[in-house]
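J.: fold the following for me, if possible:
(chains A and B)
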Amino acid sequence: MLTKLAGGRIYDPANGRDGAVDDLFLQDGRIVADPGPGAAPDEVHDLSGRVVMAGAIDIHSHIAGGKVNIARLLMAEEHRASAQEPCGCVGLATPSTYATGCRYAQMGYTAAFEPAMLPSNARHAHLEMADIPLIDTGGYLVLGNDDLLLELLASGAGEEAVADYVGFMLNATRSLAVKAVNPGGINAFKYNQRRLDVDENGPFHAITPRRILTALAGAVQRLGIPHPLHLHGFNLGVPGNVEATLDSIAAVDGLRLHLTHVQFHAYGAEGDRKFSSAAARVAEAVNRRPNISVDVGQIMFGQTVTASADTMAQMNNAGLAHPKKWVMMDIECDAGCGVVPFRYRDKAFVNALQWAIGLELFLLIEDPWRVFLTTDHPNGAPFTSYPELIRLLMDRDYRLARMAELHPALPEHTILGSLTREYSLGEIAAMTRAAPARILGLSDRGHLGPGAVADITVYTDRPDRRAMFEKPDLVFKDGRLIVRDGVVVAFLQGRTHVVEPAYDPTIESWMARRFDERMGQRLTHFRIAEEEIRGGIGLIRHACQPGSF
Amino acid sequence: MCPFCGLGCDDLTIEEEPPSTLTVRSTDCPVAREGYSRTTAAEPPRVAGVAVPLAEAVEAAAAVLAAAQTPLVAGLGTDVDGARAALALAERLGAVVDHALSDGLYRNLTVLQRTGWIATTLAELRNRCDLLLVAGPDPAALHPRLFERWVAPAPALQTPPSREMVFLCGEPLDSTRAALSGLPVTVLAGDPAKIEDAAAALAASLPDPSRASGAAGIAAGDIAALAERLVMARYAVVAWAAAAFEGPHADLTVERLVRLVRDANRHTRCAGLPLAGHDNVIGVNQVCTWRFGVPLRMSLAGGAPLHDPHRFAWARYTAVADAVVWVSAFRPEVPAFPTGQTVVALAPPGTAFADEPAVFIPVGTPGIDHAAHVFRSDTVVALRARGLIDRGLPDTATVLKAIAAALPQEAPAC
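T.: Now for the predicted structure:
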C-alpha cells in the first residue's frame, strides 16, 4: 500500500530539512522516494500547514525490569488514587506496560530505551518490554559493579579480555549499549562503604572507579558499539559533585562518553546554602568536547518515585523518602537497586534550583545533537511531563512566569532569568529524533529520508508548545496509523533493538567456570535465546564498527 | 532447570523411561522428584464429567464464563505466558485475580508496601554472606536445596571466607544439618510463635548488647551474643519463609524482621531474604504488576485495576464468585470449591476433584511438557525451563487464549 502525506512542513534535521513544505510517501512500513506523477497512492493525508517529524525516541527512561516493578508495588496507593481518572493512569510515576506504550505513542514517541538492565535481570526486563505495546524498546546493560568484571580488572587483564567480557555480556543479554552506574560504588556499598572516591581502591577488588570507567569506555570503543558508554556518574545528588563529573570527562581522555541525567551531577557547594548551580561549568566542558554527550534528567514538581541501581546514593537519600518507605536490594553480584519515593516541591529551594539547573544545561549546551530531552523517568519526573518541558525550552516568557512562582531565593542563585535562548522546532526535532537515533546507531530511524522506517508524527503548529506536543494529530509506527487526535486507533507490537559485537569466545570458558562456582546458574542458561525475545520475531540488530569511532 | 520451588536448580539429571516417565537421578530433592514424576498420560477434556474434544471444552468454558457476573481467575500456577493469557482473559471478564499460594507472598508484600525493606538475592548470599540468620521454621522444608546450593559453598567474595549459621526460633531439618556439616551452626530454639519478640529483642540490643533481654524463651545472654555477632558481621543475611510462619498476622512477624535488618544496617551491612515461590507465584505476581501497575489480589471488574490484598484474596472471594477459572499447571491438586459453583479447571491429567468441575481441560506442566519462563524465589532472576517430553497436552496459554477468543465479541466502543 502506498500512502502519501501531502504538503506538511517537514522538520528532518538528519536530512537538512527545516520546515520546508514537501510530500512524504510510505510503502511497506518505510519511507520511499517520490514515485512520480504517475503513481496513485492508496491513501492520502492532507497535511497542509501541519508540522511533520520522525517518531520521537527516548534514550533514557526506566520503563521495565525489576526496579520498575518494585516501584509499582511500593506505590500501589498512587495507582489507586489515580484510578479515578477516566483513563485509569493519569499522573502515574509507575505506569503499567500498557499505559507506558500508550502514553508514549500518544505523545508521538515510537521508541524508548530502558537504561539500566542488570545482567541477572535482563530476561525479566525483556519479558516485560515485550508487553509494552506500540513502541520499540531495548536495554542498556549495567556493568561496572559486577564482581566478575572487577575481578577481571584486578587480575590485570588487558583491554582485549575486558572487551571480550563486555562483548559476551551484550550478546548474552540481548542489549543495545553499555551503562555504568557509579562504577565501583555499588560494589563498595556491599562491603559497607557509603562513599568511594574516584581514585580510591574498592574494598575487595582493589580497583579504582577511574579504572573501571576508562576500561568500560575503552571496551565500548574497541567493540565498535554505536552508543558511547552511558555513564551514571559519581556522587549523585551531592553538592559539589561537579568536580567528579568534570573529572569523568577528563578521565576518558577523548573517548566518547555519554553522561546521563547530568542535572543530578552538576551541583556546586557554594553560596549561603552550600548548594549551587554548576550547570555553566558542565555546559562549557560539553561545548568544548565533541566526544561528550549528555541527557539532562530534568526534574519537574510533584510526586514521583526514584528507582536506580545506585544503592550507594539511594541509601544516602532514603531519609528523604516521601512517603516514608523505601527498598534497597543487593543483586546477584551484579549491582543493586534502590527505590525511594520522592516529592519535588516548587517551594523548596533545593528542588527549585534543581529545576533551574536542568533548564540551564539545556539552554547553555549549544549543540542540540549532544543534549537529550529526558526526565530520567520516573526519577526526575514521569515522562508524561515532556510536553511541559518542551514548552519551557521553546518559550522564554513562559519560563520566566514559571520561575516567578518558585522559591523566592531562586533568582539570585541561577542565571536562568538571563538566558534568552528559545529552542526552535528544528532543534527540538534534532534533540528528540535525529540525535537519539544517531547516538544509538539506529540508522533507519529518527529521520524521514527514503529507506527510513515510517515512524512519523504530525502536529498542528500551536503557539502553546505544550498543547502542541501533548497531542499530535497523527502518529504512524512502521507506516501504520496508531494514534489519531490523541487516541490510540490501532495496536501493534514494537521491536527490540540490540547490538551483537564480535568477541573472542575463549573468554566463555573462564566465565562458565565462575558461573558454576558462584552464580548457581550455568552460563548456557544465563544466555538469552533469540526465540525468547518477543517470541523470536522481535530483534533488530544494529551494526558494530570496531575501530570506526 | 527445575521450575517447581523457585530456587532455579539447573544441575539436574533427568532420565526418561518410556512411556513419558521422568526420573530425577542427580538429587534426592523431594520437590523435584515429585514434580517431575507427575507425568500421567494425557486424557481428554471433560464437560460436566463427559469427555469431549478440546474445542468443545473451550466453547463450554467460554459459554459459562460469558454468563458470569462475579468471576474469579485464580490458582494461576503457570508460567509467564500462561499468566499473560490468564490476565488477558481476566481483563475480558472483569474478574478478580489471585494466585493459589499468594498467602505466603502477601505476608512479605504487605510489609514491602507498608515500609519497604533491604533485601538480597541468592548469589549475594552464596558469595558474600558471613552470617546467616534463619528466622523461624527451616525454609528447606519448602526449598529443599537452599543450604546445599546457596549456603554450604564458601563465600568467594569475602576475605577470609567464613560463614556461620544461626537458627532463631526454629530447628534445622536433618537434611539441613547434613548439608551444613562442618560449618558452625547455632540453634536458638525459641518459641516459633514468638519470632517477632526475638527479633525485637535482638534489634533493641544492637547498640549495646550488654543490655539485652531474653525473649521468646531465649536467654538474654544468647540474644546478647547474637546481637554482638550481627554487629560484627561483614554481610549478614536474615532469611525466612513466611509461608511457614504461624498465626493470622504473620505479616507482623515479617515486619519485625525487616526492621531488624534496617537497624543492623546502622552498624554494618545486613539484608533480608524473604523466600517464597512455589508454582511461579513470584513470576505471576511480576507479570500482574507490570501488566496492570498493581500486584495480585486485584479486581478488573470496574475497568481500571483495583488492588486490595484483603478483599481480593482468592479464598475469600470464592464465597461471592459465581464462576471460577482455576489454573494449576504445576500440580494435580485443586481445592474444593463451594458446592454448585461453576468451575473451569486447567490442571494436569489425573487431577482429582472433590466435585466434578463444569469444565476440566488437562494442560501440560511448564518445564516438562513445554518450554517456560518462571521466576526465582528472590524475584530478580527469570529462568528458562526447557520442555522435556511430549504427552500431547496443550499449554495453559494456548487454552486460555482459545477461551478468550471464543467469548462473545465485545460491543464496539460508542
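J.: surely B:Gln107 forms part of a helix?
T.: Actually, residue B:107 is Arg rather than Gln. Yes. Remark: B:Arg107 belongs to a helix, assigned using DSSP: H, G, I helix; E, B strand; the rest coil.
J.: now do it, the pLDDT please.
T.: As summarised for this prediction, B:Arg107 has a pLDDT of 94.
J.: surely it and B:Trp240 touch.
T.: No. Contact criterion C-beta atoms under 8 Å: B:Arg107 and B:Trp240 do not qualify, at 9.2 Å. Every C-beta, even on glycine, is put in place using the N, C-alpha and C of the backbone.
J.: ok, those two, which is more surrounded?
T.: Comparing B:Arg107 with B:Trp240 by other C-beta atoms under 10 Å in any protein chain shown, the one with more neighbours is B:Trp240, at 29 against 24.
J.: who's in contact with that one?
T.: B:Val134, B:Ala135, B:Gly136, B:Pro139, B:Val254, B:Leu257, B:Gly272, B:Leu273, B:Pro274, B:Leu275 (C-beta atoms under 8 Å, 6 or more residues apart in numbering or on different chains).
J.: in strands only, show me those residues.
T.: Restricting the contacts of B:Trp240 to those inside strands, with DSSP state E as the criterion, leaves B:Val134, B:Ala135, B:Gly272, B:Leu273, B:Pro274, B:Leu275.
J.: quick check, nearest of these to B:Pro332?
T.: Distances from B:Pro332 to these, taken as C-beta to C-beta, are shortest for B:Leu275 (24.5 Å).
J.: in chain A, which ranges drop under the pLDDT threshold?
T.: Low-confidence segments of chain A (pLDDT under 70): A:79-91, A:548-549.
J.: picking that back up, what is in contact with B:Arg107 and B:Trp240 at once?
T.: In terms of C-beta under 8 Å, 6+ apart, B:Arg107 and B:Trp240 are both contacted by the residues B:Val254.
J.: is it possible to get TSV of the ones in strands among the contacts of B:Trp240 that adds neighbour count, pLDDT and distance to A:Glu128?
T.: Compiled in TSV, these are given as follows (neighbours: other C-beta atoms under 10 Å in any protein chain shown; pLDDT from 0 to 100; distance: C-beta to C-beta, whole Å):
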residue	neighbour count	pLDDT	distance to A:Glu128
B:Val134	29	98	32
B:Ala135	28	98	31
B:Gly272	26	98	24
B:Leu273	25	98	23
B:Pro274	27	96	21
B:Leu275	26	94	23
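J.: tell me which of those residues is nearest to A:Gly319?
T.: Within the ones in strands among the contacts of B:Trp240, distances to A:Gly319 taken as C-beta to C-beta reach their minimum at B:Gly272, with 19.5 Å.
J.: check the offset of stretch A:136-152 from the chain's centre.
T.: With C-alpha atoms, centre = their mean, to the nearest Å as the basis, the distance from the averaged C-alpha position of stretch A:136-152 to the chain average is 16 Å.
J.: from B:Ala233, how far out is B:Arg211?
T.: Distance of B:Arg211 to B:Ala233, given as C-beta to C-beta, to the nearest Å: 20 Å.
J.: looking at those two, which is more packed in?
T.: Neighbour comparison, B:Arg211 and B:Ala233: the larger count goes to B:Ala233, with 21 against 11 (by other C-beta under 10 Å).
J.: residues touching the residue nearest to the more buried one when sequence neighbours are not counted, list them.
T.: Spatially, and ignoring its direct neighbours in sequence, B:Ala233 is nearest to B:Leu131 (3.9 Å; C-beta to C-beta, 6 or more residues apart in numbering or on different chains). Residues near B:Leu131 by C-beta under 8 Å, 6+ apart: B:Arg163, B:Glu164, B:Met165, B:Val166, B:Arg229, B:Leu230, B:Ala233, B:Tyr235, B:Ala236, B:Val237.
J.: three-state assignment of B:Gly75?
T.: Secondary structure state of B:Gly75, per three-state DSSP, is strand.
J.: what ranges does the stretch 251-400 of chain B have for its helices?
T.: Assigned by DSSP state H, counting those that start in this stretch, the helices in the stretch 251-400 of chain B fall at B:281-292, B:314-317, B:396-406.
J.: quick one: the strands in the stretch 351-500 of chain A, in order.
T.: Counting by DSSP state E, counting those that start in this stretch, one finds strands in the stretch 351-500 of chain A at the ranges A:371-372, A:456-460, A:474-477, A:480-484, A:487-488, A:496-499.
J.: which one of those lies closest to B:Pro408?
T.: With C-beta to C-beta as the yardstick, what comes closest out of the strands of the stretch 351-500 of chain A is strand A:487-488 (23.3 Å).
J.: does the closest one reach chain B?
T.: No. Judged by C-beta under 8 Å from any C-beta of the partner chain, strand A:487-488 makes no contact with chain B; its nearest approach is 10.2 Å.
J.: pull the number of nearby residues for the closest residue to A:Arg72 other than its chain neighbours.
T.: Counting by C-beta to C-beta, 6+ apart, the nearest residue to A:Arg72 once its immediate chain neighbours are dropped is A:Thr94, at 4.4 Å. A:Thr94 sits with 29 neighbouring residues when counted by other C-beta under 10 Å.
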